[in-house]
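[1] Fold the following for me, if possible:
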Amino acid sequence: MLVIAMETGSLPDGRMRWAGRRHDDDRPDASSGSSSAELFDAVFHALHDGEQVALGFDCPLTMPAPPGEGPQSDADALVTLAEPAAGRPGLAELGHLLGELGNWRPWTTVSTSLGRWKANTSILVWQAVPAPGTAEVAAGAAADSFFRQFPAATQEATDTGAGTVLNLAAAAARRAGLFVDASELARPTVSITVTDG
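    Presented below is the predicted three-dimensional model:
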């Protein structure tokens with residue numbers, strides 16, 4: 001298993017720092033980089049070697065549907081509702097990475113559900129949430145927190161009122177042509193609170 005976390009907006013020119021490590025390597029930031037090409041290479045090679053990959057982003061991956069939109073079961077309609085958020089920092093990088101995987105590994109399966117990912121999915125996209133009292137997430141600390149909390153992690157409880165939840169990560173995977181269970185489009189992503197230890 002390779003766990004990678006991204007620091008959205010951490011570098012100029014729209015780039016972002018990322019860091020991660022494998023389950024059998026406890027060196028901090030064993031894998032790291034700042035370009036989308038380096039990130040693609042790390043993810044592609046891990047998938048090629050038969051590893052599962054968990055990608056963490058420190059930006060919101062779930063949002064309420066626009067006002068007036070009731071619950072929908074149509075996957076394409078949910079993807080369309082999520083489209084305006086696709087260019088946000090973090091989500092743009094996720095969309096680019098998944099788009100490249102769609103070109104090179106169109107059979108890749110993406111999930112935002114721990115249960116489904118543990119069973120048979122190639123990529124898990126998760127949200128790295130700052131600990132109470134902190135504003136930012138460090139990529140290395142986020143990857144470490146994932147490993148510590150992974151056995152007990154749960155889906156994020158997002159308060160969306162009576163409206164539909166839009167899962168922006170699942171929508172990005174669907175736009176990239178990768179397989180994602182349509183039910184995830186209306187469910188929150190799994191989240192990990194980033195702690196020091």
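
[2] Put the alpha carbons of the longest strand along the chain into CSV.
    Ranked by number of residues, the top strand in the chain under DSSP state E is strand 123-130. In CSV, the C-alpha atoms belonging to strand 123-130 read as follows (Å, rounded to 0.1, in the frame of the first residue of the first chain):
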residue,chain,number,x,y,z
ILE,A,123,-7.2,3.9,-5.5
LEU,A,124,-8.8,5.5,-2.4
VAL,A,125,-9.2,9.3,-2.4
TRP,A,126,-9.5,10.6,1.1
GLN,A,127,-9.7,14.0,2.8
ALA,A,128,-6.9,15.1,5.2
VAL,A,129,-8.6,17.3,7.8
PRO,A,130,-6.5,19.6,10.1
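
[3] strands paired with it, and their directions?
    Based on DSSP bridges, the pairing partners of strand 123-130 within the sheet are strand 53-57 (parallel), strand 110-111 (parallel), strand 191-194 (parallel).

[4] which stretch among the ones you listed comes nearest L91?
    Nearest to L91 among the strands paired with strand 123-130 is strand 53-57; the distance by CB to CB comes to 7.7 Å. Backbone N, C-alpha and C define where each C-beta goes, glycine included.

[5] Quick check: buried residues in the closest one?
    Neighbour-count burial for strand 53-57 flags 53-57 (criterion: 16 or more other CB atoms under 10 Å).

[6] which among those gets closest to L97?
    Within the buried residues of strand 53-57, proximity to L97 (CB to CB) peaks at L55, which comes in at 7.6 Å.

[7] mind putting the buried residues of strand 53-57 in JSON lines, distance to R187 and pLDDT included?
    Compiled in JSON lines, the buried residues of strand 53-57 are given as follows (distance: CB to CB, whole Å; pLDDT from 0 to 100):
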{"residue": "V53", "distance to R187": "20", "pLDDT": "94"}
{"residue": "A54", "distance to R187": "17", "pLDDT": "94"}
{"residue": "L55", "distance to R187": "17", "pLDDT": "95"}
{"residue": "G56", "distance to R187": "18", "pLDDT": "94"}
{"residue": "F57", "distance to R187": "17", "pLDDT": "93"}
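
[8] of all those residues, which two lie farthest apart?
    The distance between the two most remote of those (CB to CB) is 13.1 Å, for V53 and F57.

[9] Which residue ranges of the chain form helices?
    Secondary structure of the chain, counting by DSSP state H: helices at 36-48, 75-82, 91-104, 114-120, 139-149, 168-175.

[10] could I get the ones you listed as CSV with mean neighbour count, distance to R17 and mean pLDDT?
    Supplementary listing: the helices of the chain in CSV, determined by neighbours: other CB atoms under 10 Å; distance: least, CB to CB, whole Å; pLDDT from 0 to 100:
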stretch, mean neighbour count, distance to R17, mean pLDDT
helix 36-48, 17, 10, 91
helix 75-82, 18, 25, 88
helix 91-104, 19, 11, 93
helix 114-120, 14, 24, 80
helix 139-149, 22, 6, 86
helix 168-175, 27, 19, 96
